[in-house]
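K.L.:
can't give you the sequence, but here's the structure:
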């Protein structure tokens, strides 16, 4: 069977959930780390690990800032990440449709 071209960075369940959730945001929109953690029902450590891997692949952009004296972290899906998710989705559809 030919390689369906499923991106190994996205293909793990947790990272697929992360990029899918972020793709629902508009381009340039971002979400706070705690809100993303809540939406995905993930521990902070687990989410951080997966975000680090996505950031290394340039699929997400992480912005650390302060709101007053409180640290704040925001996450957004990069254009590279959107394109990767689009390729992944097409490859998965082709695989499921037997169009390899």
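P.N.:
Happy to help now that I have it. Source: prediction; values computed, not measured.
K.L.:
so residue 18 touches residue 39, yeah?
P.N.:
No - in this structure residue 18 lies outside contact range of residue 39 using CB atoms under 8 Å: 9.7 Å. Every residue, glycine included, has its C-beta placed from N, CA and C.
K.L.:
So between these two, which is more surrounded?
P.N.:
Neighbours were counted for residue 18 and for residue 39 using other CB atoms under 10 Å; residue 18 has more, 26 against 13.
K.L.:
Can you name every helix or strand that the helix or strand harbouring the more buried one contacts?
P.N.:
Using DSSP states H and E, residue 18 sits within helix 13-23. Identification of packing neighbours for helix 13-23 by 3 or more CB pairs under 8 Å, 6 or more residues apart in numbering; DSSP states H and E yields helix 8-11, helix 33-40, helix 44-56, strand 60-67, strand 70-77, helix 79-96.
K.L.:
residue ranges with poor pLDDT in the protein?
P.N.:
1-4, 99-100 (pLDDT under 70).
K.L.:
center of it - which residue?
P.N.:
residue 19 (2.5 Å; CA atoms, centre = their mean).
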